[in-house]
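Peer 1: 3D model of this:
(4 chains)
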There are 2 protein chains.
Amino acid sequence: MATVSRVLNAPDAVSPKTREKVEAAIRTLRFVPSAAARAINSGRTRFVGALVPTLDNAIFARFLAALEHKLAERRLSLVVATTHNDPAIEAEKAKTLVDIGAEGLIVSGITHDPALDDLIERCQLPAIATSYHDPDYHLPTVGYDNAAATALALDYLAGQGHRDIAVVHGPLANNDRTRARLAGLDQVDRAVALQFFETEIAIPGGCRAASAVLAAHRRVSAILCFSDVLALGVLFEMQRNAVRVPDDLSLMGIDDLAASAHSEPGLTTVHLPVSRMGEASATAIAGWIETKERPAPVLLAPDRIIRGSTGAVASG
Amino acid sequence: MATVSRVLNAPDAVSPKTREKVEAAIRTLRFVPSAAARAINSGRTRFVGALVPTLDNAIFARFLAALEHKLAERRLSLVVATTHNDPAIEAEKAKTLVDIGAEGLIVSGITHDPALDDLIERCQLPAIATSYHDPDYHLPTVGYDNAAATALALDYLAGQGHRDIAVVHGPLANNDRTRARLAGLDQVDRAVALQFFETEIAIPGGCRAASAVLAAHRRVSAILCFSDVLALGVLFEMQRNAVRVPDDLSLMGIDDLAASAHSEPGLTTVHLPVSRMGEASATAIAGWIETKERPAPVLLAPDRIIRGSTGAVASG
DNA sequence: TAGGTTGATGTAACCAGTTACATGTGTCAA
DNA sequence: TTGACACATGTAACTGGTTACATCAACCTA
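Peer 2: Residues are numbered from 1 along each chain as shown, chains lettered A, B, ... in the order given. Below is the predicted model of the structure:
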């Protein structure tokens, strides 16, 4: 028994001929070591859980891809669960992840069910809040400043002379990221009239919002979407209605999806460093698990990307 | 000890007052049951692993979303690992998943490293191959007939009078799905001249392929992309070059992404039922784990979706 | 009141490994 | 030849739960 364990974990400590005998026995007996038995001794299960709103938005897929990749480097696996922005589902799935042995948790934003906070507290579980920045939050945040991102966008549009702007955003319910982005607009010190359009964060949602913008009484010269997915939907709808972008209407997004760089016109947007966020989250949670030391919050700067979908308003 | 276990798993078997005492003790002692210890007894870890080529393509994200959802109904969690279409990485990550205790594996396609087959064999691990259909494969497949999907597409284009068609596809290396789709073209019994363009499966890949198509000596009247992501890239590139779709060139994809229904023009495509595939995979693997009985292969029919991106060739 | 039954609770074996420690064997120098 | 030491290997305790079984008290019936 002990020798088998040594062959598997420290082959050098066993003489070559015993090792070979054991290895032969392992093969003939089809012996497969039990992960649970190993876990009970090491206290390690070697996986962490990530709770994301959805996989349908490429922005989360990109985040998870980076997270998974970096975790794998630290020999950690990734369990994924989707919450559909419902704190109750999030808390429930978090419970399941803990029940199966997750060593840490990655969550989105800072709005959560008390049951989730309680779970993290009780289990003394390393947990990181992403897509958000708040150094005072009770969990370390790894993310960007959502308000700064929209401020960056609106500031640019205003700087281009736009005074009437439609803002297309996702549902406000249970979504602190969207609310923070909304709040960011107030940081811009310019005289701009805003009209707000709430819709589902998906291509059809963008299309519907675009129709609503076109149907609105007050005309706008630019549309700011809080997500590139929405902007892409808007772009398609504009093409359908023969509204030229950016000649008739400027369009700006936030996220910087892969598609945004290659659409026609290319989408002016604010790049959110979700890949780096995935890597930073992986590093933070892995470090926390290994050293037992809570990591510091990480703030990642968003970045304005100017492409062809925006133009200046002819003065006068 | 036994009583604590009973309070947690069968509260009715304990008298109310003992139960309360135990619950109070659990709270004050911050007792959290160990997942590993439970797993060692039940022999269940309650999670399965999925190995997908990438998360960047929305098609896999949609598959995983459905898979995760349906697994959750069966009280199973999902561990996700990406392979980048590299069989060696796939085998390595599969090993990691088994090491941490995955009760089953979901893989893509039927081209794998021998090490993976060996692992599945040795561990007697329930494993399902998706995105493919082959009733004779040594693992049960849950998927669609890739050859049938492209045949459906090419047949439609040929029926619309197209005789010169460009085929834009992803890398052939290590990708049996792409090769099967290529083989499907031969099933179409029509006189059609095909030109092939291999590129990376992503929007920029589609853009580059589109440029290549436009630069080719021989003109085509239609482009068939083996993936909607590619078709979207092609569409953007055509817009950039003022090539009208479908007036100047018909464009057809395969996948039916969310974006495809709402692009301008809407993308004619072959719908691949990846959500149903996710659900069916979840049902199959969960059933296999619970009943120990290997499930039957599942064949899901692809479906032609005609939208605005294709048109008939004017005869003569 | 004795005996049977029921329900609650404690005891200890068990799951499948890891690891500290004890034992055994072989090599080498004195 | 013997003691010292290194190295290999076996033994048993330990991880943290679950569960079969034993025990015991309370209640009901004969």
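
Peer 1: With only the CA atoms kept, save the helix or strand harbouring A:A91 in CSV.
Peer 2: The secondary structure element spanning A:A91 is helix A:87-100 (assigned by DSSP states H and E). Coordinates of the C-alpha atoms in helix A:87-100 are reproduced here as CSV (Å, rounded to 0.1, in the frame of the first residue of the first chain):
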residue,chain,number,x,y,z
PRO,A,87,-28.6,36.1,-7.0
ALA,A,88,-30.7,33.2,-5.7
ILE,A,89,-29.5,30.9,-8.5
GLU,A,90,-26.0,32.2,-7.9
ALA,A,91,-26.1,31.3,-4.2
GLU,A,92,-27.6,27.9,-4.9
LYS,A,93,-24.9,27.0,-7.5
ALA,A,94,-22.2,28.4,-5.2
LYS,A,95,-23.5,26.0,-2.5
THR,A,96,-23.2,23.1,-5.0
LEU,A,97,-19.7,24.1,-6.0
VAL,A,98,-18.7,24.2,-2.3
ASP,A,99,-20.4,20.8,-1.7
ILE,A,100,-18.4,19.2,-4.4
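
Peer 1: Phi and psi next, for A:I128.
Peer 2: In terms of degrees, to the nearest 10, the main-chain angles of A:I128 are phi -130, psi 140.

Peer 1: Would you check how far apart A:S260 and B:L232 are?
Peer 2: A:S260 sits 12 Å away from B:L232 when distances are taken as Cβ to Cβ, to the nearest Å. Heads up, the C-betas are built off the backbone N, CA and C, glycines and all.

Peer 1: Most proximal residue of the stretch 151-300 of chain A with respect to DNA strand D?
Peer 2: Distances from the stretch 151-300 of chain A to DNA strand D, computed as Cβ to the nearest atom of the strand, single out A:K292 as the nearest residue at 15.4 Å.

Peer 1: Now do that residue: how many residues are near it, please.
Peer 2: Other residues near A:K292 come to 9 when the count uses other Cβ atoms under 10 Å in any protein chain shown.

Peer 1: again, but for A:P11
Peer 2: Residue neighbour count, defined by other Cβ under 10 Å, stands at 12 for A:P11.

Peer 1: Once you drop chain neighbours, what's closest to it?
Peer 2: Once its chain neighbours are removed from consideration, A:P11 has its nearest residue in A:R19; the separation is 6.0 Å (Cβ to Cβ, 6 or more residues apart in numbering or on different chains).

Peer 1: Next one, pLDDT for that neighbour please.
Peer 2: The pLDDT attached to A:R19 in the predicted structure is 91.

Peer 1: Same question for it, what's its three-state structure.
Peer 2: Going by DSSP: H, G, I helix; E, B strand; the rest coil, the secondary structure assigned to A:R19 is helix.

Peer 1: my read: it touches A:A13, true?
Peer 2: No - contact between A:R19 and A:A13 fails when scored by Cβ atoms under 8 Å: they sit 9.4 Å apart.

Peer 1: For A:R177, pull up the helix or strand it's in.
Peer 2: In the assignment (DSSP H and E), A:R177 maps to helix A:176-185.

Peer 1: Do a quick rundown of the strands in the stretch 101-250 of chain A.
Peer 2: Secondary structure of the stretch 101-250 of chain A (DSSP state E, counting those that start in this stretch): strands located at A:105-108, A:127-130, A:141-144, A:164-169, A:193-198, A:222-225, A:250-255.

Peer 1: Looking at those strands, which one is packed in the most?
Peer 2: Among these, judged by mean count of other Cβ atoms under 10 Å in any protein chain shown, the one packed with the most neighbours on average is strand A:222-225 (a mean of 30).

Peer 1: mind checking how far A:R122 is from chain B?
Peer 2: A:R122 sits at a distance of 6 Å from chain B (criterion: Cβ to the nearest Cβ, to the nearest Å).

Peer 1: residue contacts, that residue?
Peer 2: If you count contacts by Cβ atoms under 8 Å, 6 or more residues apart in numbering or on different chains, A:R122 has them with B:30, B:32.

Peer 1: and the gap between it and B:H162?
Peer 2: Using Cβ to Cβ, one gets 64 Å for the distance from A:R122 to B:H162.

Peer 1: Report the central residue of chain A.
Peer 2: The residue lying closest to the centre of chain A (Cα atoms, centre = their mean) is A:F60, at 4.5 Å.

Peer 1: Surely that one touches A:L51?
Peer 2: No - here A:F60 does not reach A:L51: they are 10.6 Å apart, not a contact under Cβ under 8 Å.

Peer 1: For the stretch 201-316 of chain A, just list every one of the helices.
Peer 2: With DSSP state H, counting those that start in this stretch, the ranges of helices along the stretch 201-316 of chain A come out as A:203-215, A:228-240, A:274-291.

Peer 1: who's in contact with the last one?
Peer 2: What that stands for is helix A:274-291. Residues lying outside helix A:274-291 but in contact with it, judged by Cβ under 8 Å, 6+ apart, are A:48, A:59-60, A:62-71, A:73-74, A:76, A:103-104, A:106, A:126, A:128, A:130-131, A:140, A:142-144, A:255, A:293-295, A:298, A:300.

Peer 1: ok so, going back, quickly find the element holding the residue nearest to the centre of chain A.
Peer 2: helix A:58-73.

Peer 1: in that helix, what counts as buried?
Peer 2: Buried residues in helix A:58-73, counted by 16 or more other Cβ atoms under 10 Å in any protein chain shown: A:58-72.
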